[in-house]
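**Q** Provide a 3D model corresponding to the input given below.
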Amino acid sequence: MSTGIVTAHALRVREGPSRTDLVLGLIYKGEIVELLDTSPEGTWKNLRTVEGIVGWSSAKYLLDQGGKPLPDPEPATGQYRVTAHALYVREGPGRTYRAIGYLKRDDVVSAIGASADGKWKQIRHANGLAGWCSGKYLFSLDDVEPPLEPDPDAIQY
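**A** Predicted coordinates:
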């Protein structure tokens, strides 16, 4: 196994090594993927994205870099507060994925994961809605410093 870099602007990841197979998602120029196998004729590569999607893409748009397999994505922890008036929750990490619901300003969600570039966050709401949101509109509640306790011996002005 080795790693590869996507050279196309956007490349479909398919269920099988054929243009007629179901599209599972998209990968974009510059993304690094793990190359798992090659079709017998050498025109398709079986790959795994950093988000864990396993499928087939045209070998023509993947530059084999050799190297080690991708590490498993680390699970995210913590919570976010929604800062947008309304924020779509999507099936995958990108605007090309179908919206499956939305969140309202000040909703608090739990972190599940993040895209490799950190721009998209995988979340779960208390109502059970789970999916991906743009990180631009999520404020990490874990970054907030707790207020300092007042010093009882300090001089108050």
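
**Q** Spell out the residue ranges of the strands in the chain.
**A** Taking DSSP state E as the test, the strands found in the chain are 2-6, 10-14, 23-28, 32-38, 44-48, 54-58, 62-66, 79-82, 86-90, 99-104, 108-114, 120-125, 130-134, 138-140.

**Q** export the ones you listed to a markdown table and tack on mean pLDDT and mean neighbour count?
**A** Every C-beta, even on glycine, is put in place using the N, C-alpha and C of the backbone. Putting these into a markdown table (pLDDT from 0 to 100; neighbours: other CB atoms under 10 Å) gives the following:
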| stretch | mean pLDDT | mean neighbour count |
| --- | --- | --- |
| strand 2-6 | 87 | 18 |
| strand 10-14 | 91 | 18 |
| strand 23-28 | 86 | 17 |
| strand 32-38 | 90 | 18 |
| strand 44-48 | 94 | 21 |
| strand 54-58 | 94 | 20 |
| strand 62-66 | 86 | 13 |
| strand 79-82 | 93 | 18 |
| strand 86-90 | 93 | 18 |
| strand 99-104 | 92 | 15 |
| strand 108-114 | 88 | 18 |
| strand 120-125 | 90 | 21 |
| strand 130-134 | 91 | 20 |
| strand 138-140 | 90 | 17 |
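
**Q** Let me see the confidence value for the residue most central in space within the chain.
**A** For the chain, the residue nearest the mean C-alpha position is residue 115 (2.5 Å; CA atoms, centre = their mean). Here the pLDDT value assigned to residue 115 is 80.

**Q** what sits against the residue lying closest to it once chain neighbours are set aside?
**A** Residue nearest to residue 115 in three dimensions, not counting chain neighbours: residue 93, with 4.0 Å by CB to CB, 6 or more residues apart in numbering. Residue 93 makes contact with 51, 115, 119-120, 122, 132, according to CB atoms under 8 Å, 6 or more residues apart in numbering.

**Q** before we move on, what about residue 40?
**A** Residue 40 touches nothing, counting by CB under 8 Å, 6+ apart.

**Q** I'd like the distance between it and residue 17.
**A** Distance of residue 40 to residue 17, computed by CB to CB, to the nearest Å: 9 Å.

**Q** Overlap of the contact sets of these two?
**A** Overlap of the contact sets of residue 40 and residue 17 (by CB under 8 Å, 6+ apart) is empty.
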